[in-house]
Each structure stands twice: as structure tokens, then as C-alpha cells.
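S.K.: I need the structure of the sequence given here:
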Amino acid sequence: MKRYLIAVLISALVLPFSAGAQWYLFPGGRPAKDSTSVNVKTDSTAVSPVATDRDAADSTALTFSDSVAVVPVIRAALILPLKSTGTPNSNFLDFYCGALLAADELSSEGRKFQLDVYDSTVQLPYSYQLDSCNLIIGPVAPEDVERMLPRARGKYMVSPLDPKVAPYTELYNIVQAPSNWESQVDALIDWLAEDLCDGDVVVLLQSAEEADGEVTSRLTGRMSDREISYSITSSPTVQEEILDGNYRFVIASESDDFCSAAVREIALMNLRGGHNFVYSISRLRGVPDLEVESLHAAGARITASYFADAGNIEVRNFAEHYRKLFKAEPGQWAFQGYDLMTYFGRLAADYPDSWQEKLAETPWNGLQTDFRFDTAGKINSAVRRLQYNANNTITIVR
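M.R.: Have a look, this model is predicted:
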């Protein structure tokens, strides 16, 4: 609760100079005319939406700068499961804080933002509350996205975190912001193909019971497409022998125990003088009992949707700014909120009524997330290549 109050207080102090923010944490809230205020609703009594509420909201306000230039207000809705009526969800509060900083920065560039925040665990916004929105980020859960479809009235919604929303993009105006595991597999095999040298041997590691898994099927399919020859085994040590090249092990397993055992074996093989590399999608980074030292010793090459390089100057600047404002370390949720609001917010500001048409032609590298959209402009396929070095550093390979 302390961090929840800090977030509200800081936003109230920061935003009057640039961006506007309004919180719709309870049913019945509607936009205030003062777009620089932070409106924290405490009345949980539901109010049915009526036409006069929509008409009363001043959503066409203009801001005049010192040069008397007219700057239209870009209105963005952020729909997150904040759990404001109980113990607040700290992850989504971090996401909100990151988005807030992005909106403030965009406003400082001459763009005027009004950020309306809704708690999806209390009440999803009504149609009239979204009528004047240029950008809708959220909801998060697929079931909430489905419930929001009629309320959005054809407006595009950005799915911010859950790759399982991707199937909705085929039928509805939904943009999938996080790349999925299929994109990670495709990028991984492209990376493997680029790394291969004469004398190298590619080995697919999998347990016998996972031979027909969907990850394995996509991995083998992509290797066949790239004409990469490979063998299959369940134990890397059976391949331990002197080669003119390197062993390049591709892990195709959803078992934490199998993954951790395989990586440790390869790390030991390297410590004994072997020349081996491990290739995997990002789930390998989440194996709970796998030491990061083993990933480095095994020469891991991992494709991931999210990764913030602590050595990057822009990442360090953001972290410093975040710490000063919120008295806390920014995690991946804060970075994600910042990246999404920066990317989509800038597009919405430049193209208020057609930003979705610019996605395919507007790639961008964020602090933690990259954006590369397909030709339809609906699914992000960008991933980051993480190379684990023997000196315990991680390099983002472009």
C-alpha cells in the first residue's frame, strides 16, 4: 500500500507541468475538465453510463504554448489489474509508473498527454469513456480483452503483456505487443545458422517423452528450412569428443530438471576443455534451480522478448530517474510500461487517428523491448539475442 500511495503522490507532483493523468479505479468515474489533475476515486458506488456523461467530458481541450501554438491533447487509456480495492498489485503499479514517466517525457517533447488509468479488477471502462481515446493499452488477461471488444467499438487495443492474446489479432483490432515463443524459436535458428562454421556439429537435446512437443516441432521445422543437419540425444556428454569445430546444443525441452541438468553438463564439458554452446529460447532463463554461472560457462545463446542491458546509458538514466521519483528499483514491469507508452504514445501523438497503420514501417528499439511488426501491423516479432560470455557479462547481439 505504501508504494501505491507513493505512485499517486509522485504523479500528482510531476504531471501538472506536462502530462495529465486521471485514475479510474472504481466504477462511475468520468473525465475531469482539468487534464493536469490526478483524480483518485474513492467512491465505489457504480454509476450507469448515460449520454450526458459523455457530453460533459471536455475531451477536445487544446493547450497553448508560449508561442501560442495549438497542441491537441492525446488521450490514452491504460487498463491494468491494479487490485486497488485490496492489496495493490506491485507489478502493475510498476508498469503504471513506467508508463507515467514515458507520458511525461513525450509531453516534454511538445506532445500533450492525458492518461486515464482503469483498474480491470474493479470495472472495465465503458464505451463512452473510450470514445475520445487515441490509444488504448490493455487489458492484460485474454478474458478481459474479449469483454472489452464491444466496448472498444472497433478502436485498436494494444495487448501489453500476455502472448496468449495473439489469436485475437486475426479477427479483431488488437495489436500484440510482446513477441511470442514462436518468434523466439525463429530468431534462435536464424542465429544458429549465422554462427555455424565448418566442422561444427548441431545436437538437439530433448527427453524421450518430449519428442512430439510443439517447441521441438517448430525447432526441427526451422532447422530443416535452413538446411541445418542435426542429431538428437538426451545427454550432451555422449557427444564429448575432440572436434575440428564446436558442438552447438539446441535445447528443446519444457522440463526444468532436464534443462538445468543439460546446461550443467555442458558447462562442465567446457571446463574440461570442450568448445560447446547452448541455444535456447527465454524459458531457460526462468529455470529456478539453474545458476546463472552455468549459463555463462556453457556459452548460452538465448532469444528473449525482454532484456534491459544494465550497461546501456539510456537504461542507466531511466533507472536513476525512476529511483529518484519512486524510491525503488525499476524492474522489468516498469521498463515494459515505459517502452510501450513511449513507442505507441509517440505514434499516437504523430498519427492520432491512424497510428496502427504505421506499425509495420516503424521499427524501434526500447530499453527492454524491441518492436518489429509484421506487414499487417498486428503482431510484434522482435526478440533480443542474449550472448552469455565466459567473463559473466551478457551481450545483446544485433
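S.K.: tell me the SS of Arg248?
M.R.: When classified by DSSP: H, G, I helix; E, B strand; the rest coil, Arg248 comes out as strand.
S.K.: I'd guessed it sits against Leu192; true?
M.R.: Yes: the criterion here is CB atoms under 8 Å, and Arg248 meets it with Leu192 at 6.3 Å. Bear in mind the C-beta positions are built from the backbone N, C-alpha and C, glycine included.
S.K.: between the two, which contacts overlap?
M.R.: Jointly contacting Arg248 and Leu192 under the rule CB atoms under 8 Å, 6 or more residues apart in numbering are Val202, Tyr279.
S.K.: sketch out the helices for the stretch 101-250 of the chain, chain order is fine.
M.R.: Remark: helices assigned in the stretch 101-250 of the chain by DSSP state H, counting those that start in this stretch are 127-130, 142-152, 181-195, 214-225.
S.K.: which of the residues in stretch 222-233 are buried?
M.R.: Arg222, Met223, Ile228, Tyr230 (16 or more other CB atoms under 10 Å).
S.K.: and the next helix or strand past the helix-or-strand element of the chain with minimal mean pLDDT?
M.R.: Least confident helix or strand, the chain: strand 62-64 with a mean of 31, by mean pLDDT, DSSP states H and E. Downstream of strand 62-64, the first helix or strand assigned by DSSP states H and E is strand 70-80.
S.K.: name the strands paired with that next one and say parallel or antiparallel.
M.R.: strand 62-64 (antiparallel), strand 112-119 (parallel), strand 135-137 (parallel) (DSSP bridges).
S.K.: quick one: buried residues of the second one?
M.R.: Neighbour-count burial for strand 112-119, with 16+ other CB under 10 Å as criterion, is recorded at Lys112, Phe113, Gln114, Leu115, Asp116, Val117, Tyr118, Asp119.
S.K.: repeat that for stretch 261-281.
M.R.: Judged by neighbour count using 16+ other CB under 10 Å, the buried positions of stretch 261-281 are 261-270, 274, 276-281.
S.K.: follow-up on the earlier one: of the helices of the stretch 101-250 of the chain, which approaches Asp162 most closely?
M.R.: Relative to Asp162, the nearest member of the helices of the stretch 101-250 of the chain by CB to CB is helix 142-152, separated by 6.3 Å.
S.K.: roughly how far out does the closest one sit from the chain middle?
M.R.: 20 Å (CA atoms, centre = their mean, to the nearest Å).
S.K.: cool, and stretch 167-181?
M.R.: 13 Å.
S.K.: so what touches it?
M.R.: By CB under 8 Å, 6+ apart, stretch 167-181 touches 142, 145-146, 149, 152, 154-163, 165-166, 215, 281-283, 305-306, 340, 344, 356, 359, 369, 371, 373, 376-383.
S.K.: list buried residues within those.
M.R.: Here, 16+ other CB under 10 Å leaves 142, 145, 152, 155-163, 165-166, 215, 281-283, 305-306, 340, 344, 356, 359, 369, 371, 373, 377-383 buried among the contacts of stretch 167-181.
S.K.: you'd agree Asn91 is in a helix?
M.R.: Yes: counting by three-state DSSP, Asn91 is located in a helix.
S.K.: would you mind measuring from it to Gly337?
M.R.: 10 Å (CB to CB, to the nearest Å).
S.K.: neighbour count winner among these two?
M.R.: Using other CB atoms under 10 Å, the more surrounded residue of Asn91 and Gly337 is Gly337, with 29 against 17.
S.K.: my guess is that one contacts Leu93, does it?
M.R.: No: counting by CB under 8 Å, Leu93 is not a contact partner of Gly337; they are 9.6 Å apart.
S.K.: specify which member of the buried residues of stretch 222-233 is nearest to Ala328.
M.R.: Once CB to CB is applied, the member of the buried residues of stretch 222-233 that ends up nearest Ala328 is Arg222, at 40.5 Å.
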